[in-house]
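Chemist: here is the input, now give the coordinates:
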Amino acid sequence: MLPIPPAALDALTGACGRPYRAEWSVDGGRSWTPCGVVAGSAQVQASRTQTVRYTASATLTGVPLGRHGINPISTNVRLWQGITPARTDTVWIPAGRYTVNRPKATRTGIQVELDGLEDEIDAARFPVPRALGPDSARVLVEMLLGEALPGVPVSWRPGIAPDTLVPQIVADEDRWAVLAGGTDSSGNATGIAAALAAELYVDARGMATIGPVPTLADPVVWRIGQGMGGALVEPQAEQTAEGLVNLWSVSGDAGDGAAAVGPVHAWDSDPGSLTYAGPDPVADPLAPQREGLTWVRVRAARYTSALITDPAQAYEVAHARLADSLGVQNSLTVQAACNPAIEPGDVIEVETLPDVWERHLVDQLSYTLGSAAMSCTTRTTPRRVT
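Modeler: Predicted structure coming up:
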């Protein structure tokens, strides 16, 4: 969750002011100029499941259209949501830093579609193939990000080892695939962040961030209940098995003739989970049958990367991928009091029924600047009812 004072957090489910503002820059963020926003026009969305985490749309006023104003080449826009508790100064929460798409002059202002800065990283493809490394992940990531986004800070979240040595790799064309994750022309997995058991994204402050893959074991940052000032308005439960993997096999193979790493396996070993894969689905796949666990189903996937160089690293990657592919069974869409400090990947507690609280990981959120409501799509790992 983004930094927010306790007084502002407590005020969200009661009476509080919700001002908002926007500003724009044409010099890469060295200077920012305020502009107006047409009421109700600024829609913010954020999603862990998309390459571009933050997207938005808005109608801006008091700013010119063109080379020295809003244009789709050099302009960045920042949005802010304010919270004004009673008898307290306004707290400003960042709502994304964006590139501009399709600016259009209208009767009320300049209408814009906004994409997070990942869009600029993805567009900054390599003009020719280039060899990278060997070097530390920190050096390579900050160099490649600095080429695409000069002046944009890079944040390494706790739990990541940025000084991990990355072996020499050949980057073909796709900068984002090298930095975050993807496949090269031969189908082999790439991605420095993925090889660190991490994910790369640009947060609401416009900061390039390399952080651990979130899990339901992370600390709860917010609780929303049915009796908390109407914070939880309408839970809508939906279950799906799409994307479920409960057994990962991870290997490291540089393809240079050296000994391969792994495979190292990670699976759902909780007998109380609906996604339980058995006591050892690799060495003893018939164990569930012998034990009468006829409901157990194994959904396996493999991941191989030339950037994984030792078993400990493969272990971290396997468990990160497992964490990211479980918990898709039970989605919950909630209409809640708008908390603009919530980020995709945060863990919240939701009162789904009176006095029944569940931990959920936020996958997606959306809200309108100035509105008291927001929508969150979350997921959790269901347990068997016995």
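
Chemist: pLDDT weak spots in the chain?
Modeler: In the predicted model of the chain, residues 183-188, 226-241, 254-257, 327-335, 381-386 satisfy pLDDT under 70.

Chemist: give me the residues contacting the longest helix along the chain.
Modeler: Longest among the helix segments of the chain by residue count, using DSSP state H, is helix 311-325. Residues external to helix 311-325 that are found in contact with it (C-beta atoms under 8 Å, 6 or more residues apart in numbering): 164, 194-198, 212-215, 243-246, 248-252, 261-268, 301, 303, 305, 308. No exception for glycine: its C-beta is placed from N, CA and C like everyone else's.

Chemist: mind giving me the packing neighbours of the helix or strand that contains residue 250?
Modeler: Element membership for residue 250 (DSSP states H and E) is strand 247-252. With contacts taken as 3 or more C-beta pairs under 8 Å, 6 or more residues apart in numbering; DSSP states H and E, strand 247-252 sits against strand 261-267, strand 300-305, helix 311-325.

Chemist: and these as CSV, adding distance to residue 202 and mean neighbour count?
Modeler: Converted to CSV, the helices and strands packed on strand 247-252 look like this (distance: least, C-beta to C-beta, whole Å; neighbours: other C-beta atoms under 10 Å):
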stretch, distance to residue 202, mean neighbour count
strand 261-267, 28, 21
strand 300-305, 23, 18
helix 311-325, 19, 21
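
Chemist: closest one to residue 37 among the ones you listed?
Modeler: Closest to residue 37 of the helices and strands packed on strand 247-252 is helix 311-325 (C-beta to C-beta; 34.7 Å).

Chemist: chain center to that closest one, what's the gap?
Modeler: With C-alpha atoms, centre = their mean, to the nearest Å as the basis, helix 311-325 stands 17 Å off its chain's centre.

Chemist: surely residue 170 touches residue 129?
Modeler: Yes. Contact criterion C-beta atoms under 8 Å: residue 170 and residue 129 qualify, at 5.8 Å.

Chemist: ok, those two, which is more surrounded?
Modeler: Neighbours per residue (other C-beta atoms under 10 Å) separate residue 170 from residue 129, with residue 170 holding more: 14 against 10.

Chemist: show me the contacts for the more buried one.
Modeler: Contacts of residue 170 (C-beta under 8 Å, 6+ apart): 129-132.

Chemist: hmm, 6 Å instead?
Modeler: Neighbouring residues of residue 170 by C-beta atoms under 6 Å, 6 or more residues apart in numbering: 129, 131.

Chemist: next, count neighbours for the closest residue to residue 157 other than its chain neighbours.
Modeler: Nearest non-adjacent residue to residue 157, counting by C-beta to C-beta, 6 or more residues apart in numbering: residue 211, 3.5 Å away. Using other C-beta under 10 Å, residue 211 is surrounded by 19 other residues.

Chemist: assign residue 211 to helix, strand or coil.
Modeler: Look at residue 211: counting by DSSP: H, G, I helix; E, B strand; the rest coil, its state is strand.

Chemist: surely it touches residue 156?
Modeler: No. Applying C-beta atoms under 6 Å as the test, residue 211 and residue 156 come out as separate, 8.0 Å apart.

Chemist: rewinding a little: just put the helices and strands packed on strand 247-252 in JSON lines and tack on distance to residue 62.
Modeler: JSON lines is the format used below for the helices and strands packed on strand 247-252 (distance: least, C-beta to C-beta, whole Å):
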{"stretch": "strand 261-267", "distance to residue 62": "53"}
{"stretch": "strand 300-305", "distance to residue 62": "49"}
{"stretch": "helix 311-325", "distance to residue 62": "42"}
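
Chemist: what about the ones you listed, which gets the closest to residue 118?
Modeler: Nearest of the helices and strands packed on strand 247-252 (C-beta to C-beta): helix 311-325, 17.7 Å.
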